[in-house]
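**Student:** Just a sequence and a predicted model for now, questions to come.
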Protein chains: 2
Amino acid sequence: MSSDFANPQPSRWEKGASRSLASTRIFDVRGVEFRHPVRGTRREFVVIDAPDWVNVIALTPDHRLVMVNQFRYGTDAFSWEIPGGVIDAGEDPVSAGVRELLEETGYGGQRARLLGSVNPNPAIMNNRCHLVLVEEVVRTAEQEWDTDEEILVASPSVDEVYGLAHSGRITHSLVLNGLLLFAPVWDRIKSGRA
Amino acid sequence: MSSDFANPQPSRWEKGASRSLASTRIFDVRGVEFRHPVRGTRREFVVIDAPDWVNVIALTPDHRLVMVNQFRYGTDAFSWEIPGGVIDAGEDPVSAGVRELLEETGYGGQRARLLGSVNPNPAIMNNRCHLVLVEEVVRTAEQEWDTDEEILVASPSVDEVYGLAHSGRITHSLVLNGLLLFAPVWDRIKSGRA
């Protein structure tokens, strides 16, 4: 690998004061001043200040994934996704994933663990999204929707889900991240090495 | 596949009036009223109104990917990414990808085409991100940075890039989406079927 990967050369801007541009129920928008250490330039950049999120790959004993469909207000359309939501203050990502899975689908399982974490958009957002795997999931409870939630649950096979991702029928960026991070684990499970 | 995948049952909320909550250089934040068709509930949801984005998988003749590293103000950190940016008004996604690739890295190539399109966050954003593949790329020009840009370019092998993605050293959600959509194409190229 190129040594450039270890030692990026662009300058590290210095973070300064910030001010609120908007405050909403689910995120704040802040203007944050950064100073370029060489040029001395001071510029205000817009940052969406949001809590961390979690999305859950929930694998059934017969190798299906628990998927949810709901109406999404951003796109004004329905969206097939893996379960997920906002991590509560003080809650760890794996516990949050297990909680959201149970609330949205009624499923619970075993060996819940972190697959990895991503940045939804490092250019304009400061939060992370954690991708959690739960295995051996079975339906153990009723769904418990939040206000305004209505969630349809389905459980296509893992290979069907990857087909939906590659054919453009699953389009939620963070859901696709979960499928990317799960791919090596799924290869091991399919080949009996897990 | 479950027939549920064709016929989601949750209600389709009806979109109503909206109002501006904040306006910034790179996106607006709007409060959008939706009405539930059965319950009759009216609720205002927060939507980030942003232009569409493009990210580019740029494959060299010796099967390396053109990667860029830059300081990102959202996360206050450096980030390894594929080239990309905002699509101009009236610009098609493939042209925008070719333009961003050239501006950020000085590379140009052949057979530029759309790999697929994703929703950065259907819950709170209304825009799409298009993932474009350009093959046979070579450095043909100098970089042309926008104001405040400083971009380091590197070209690790495709397999190294997937290793960086799976080990958590590439964390930009939309960049990882490009790698997911490129995976089947890469499989065909590696096996000589492309």
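**Tutor:** Arrived safely. Everything quoted here is computed from the prediction, not taken from an experiment. Residues are numbered from 1 along each chain as shown, chains lettered A, B, ... in the order given.

**Student:** Pull the contacting residues for the residue nearest the centre of chain A.
**Tutor:** Nearest to the geometric centre of chain A sits A:Cys129, at 4.0 Å (Cα atoms, centre = their mean). With Cβ atoms under 8 Å, 6 or more residues apart in numbering or on different chains as the criterion, the residues that contact A:Cys129 are A:52-55, A:117-120, A:174, A:177, B:173. (Glycine included, C-beta is placed from N, CA and C.)

**Student:** at 6 Å instead, please
**Tutor:** Contact analysis of A:Cys129 by Cβ atoms under 6 Å, 6 or more residues apart in numbering or on different chains lists A:53, A:118, A:120, A:174.

**Student:** between these, which is nearest B:Tyr107?
**Tutor:** A:Val118 (25.4 Å; Cβ to Cβ).

**Student:** tell me the angle of the longest helix seen in chain A relative to helix B:173-190?
**Tutor:** Determined from DSSP state H, the single longest helix within chain A is helix A:173-190. On the basis of axes from the mean of the first three to the mean of the last three Cα atoms, to 10 degrees, helix A:173-190 is oriented at 40 degrees to helix B:173-190.

**Student:** and chain A, what are its domains?
**Tutor:** Per the record's domain assignment (automatic domain parsing), chain A is made up of the domains A:7-49, A:53-190.

**Student:** who does the longest helix of chain A touch, helix- and strand-wise?
**Tutor:** Helices and strands touching helix A:173-190, by 3 or more Cβ pairs under 6 Å, 6 or more residues apart in numbering or on different chains; DSSP states H and E, are strand A:53-58, strand A:107-118, strand A:129-139, helix A:158-166, helix B:173-190.

**Student:** Name the residues that touch that helix?
**Tutor:** Under Cβ under 6 Å, 6+ apart, the answer for helix A:173-190 is A:55, A:57, A:81-82, A:115-116, A:118, A:129, A:131, A:158, A:165, A:194, B:118, B:120, B:166, B:173-174, B:176-177, B:180.

**Student:** The residue nearest to A:Asp88 when sequence neighbours are not counted and B:Glu150: what is the separation?
**Tutor:** Ranked by Cβ to Cβ, 6 or more residues apart in numbering or on different chains and with sequence neighbours excluded, the top spatial neighbour of A:Asp88 is A:Ala96, at 6.6 Å. Using Cβ to Cβ, to the nearest Å, A:Ala96 is found at 36 Å from B:Glu150.

**Student:** sorry, back to before: in a markdown table: the domains of chain A, plus mean pLDDT.
**Tutor:** Shown next, in a markdown table, are the domains of chain A (pLDDT from 0 to 100):
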| stretch | mean pLDDT |
| --- | --- |
| domain A:7-49 | 92 |
| domain A:53-190 | 96 |
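
**Student:** how about the ones you listed in JSON lines, adding distance to B:Arg30?
**Tutor:** As requested, these are exported to JSON lines (distance: least, Cβ to Cβ, whole Å):
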{"stretch": "domain A:7-49", "distance to B:Arg30": "10"}
{"stretch": "domain A:53-190", "distance to B:Arg30": "10"}
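
**Student:** Pick the most buried one from those.
**Tutor:** Highest mean neighbour count of those: domain A:53-190, a mean of 19 (counted as mean count of other Cβ atoms under 10 Å in any protein chain shown).

**Student:** How far does that one sit from its chain's centre?
**Tutor:** Distance of domain A:53-190 from the chain centroid (Cα atoms, centre = their mean, to the nearest Å) equals 8 Å.

**Student:** so how far is the first residue of stretch A:82-98 from its last?
**Tutor:** The straight-line separation of the ends of stretch A:82-98 (Cα to Cα, to the nearest Å) is 12 Å.

**Student:** quick one, phi psi at the nearest residue to A:Val46 once chain neighbours are set aside?
**Tutor:** Counting by Cβ to Cβ, 6+ apart, B:Thr24 is the residue found nearest to A:Val46 once chain neighbours are left out, at 4.4 Å. The phi/psi pair for B:Thr24 (degrees, to the nearest 10) reads phi -130, psi 180.

**Student:** now the one 4 residues further on
**Tutor:** Dihedral pair for B:Asp28: phi -110, psi 160, per degrees, to the nearest 10.

**Student:** who touches it in this structure?
**Tutor:** By Cβ under 6 Å, 6+ apart, B:Asp28 lies in contact with B:Asp49.

**Student:** Can you tell me how far it is from A:His172?
**Tutor:** In terms of Cβ to Cβ, B:Asp28 sits 22 Å off from A:His172.

**Student:** Not counting residues beside it along the chain, what's closest to A:Asp76?
**Tutor:** Nearest residue to A:Asp76 in three dimensions, chain neighbours excluded: B:Lys15, at 5.4 Å (Cβ to Cβ, 6+ apart).

**Student:** Quick one: list the elements packing against the helix or strand hosting that neighbour.
**Tutor:** B:Lys15 belongs to strand B:14-23 when assigned by DSSP states H and E. With contacts defined as 3+ Cβ pairs under 6 Å, 6+ apart, strand B:14-23 has these neighbours: strand A:14-23, strand B:28-35.

**Student:** okay, the longest one in CSV with CA atoms only?
**Tutor:** Output in CSV follows, covering the C-alpha atoms of strand A:14-23 (Å, rounded to 0.1, in the frame of the first residue of the first chain):
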residue,chain,number,x,y,z
GLU,A,14,-8.2,24.1,13.7
LYS,A,15,-11.7,24.0,15.0
GLY,A,16,-12.9,27.2,16.7
ALA,A,17,-16.2,28.6,18.0
SER,A,18,-19.6,27.6,16.7
ARG,A,19,-23.1,29.0,16.7
SER,A,20,-26.5,27.4,16.3
LEU,A,21,-28.2,27.9,12.9
ALA,A,22,-31.2,25.8,13.6
SER,A,23,-32.4,23.4,16.3
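
**Student:** Cool, thanks, signing off.
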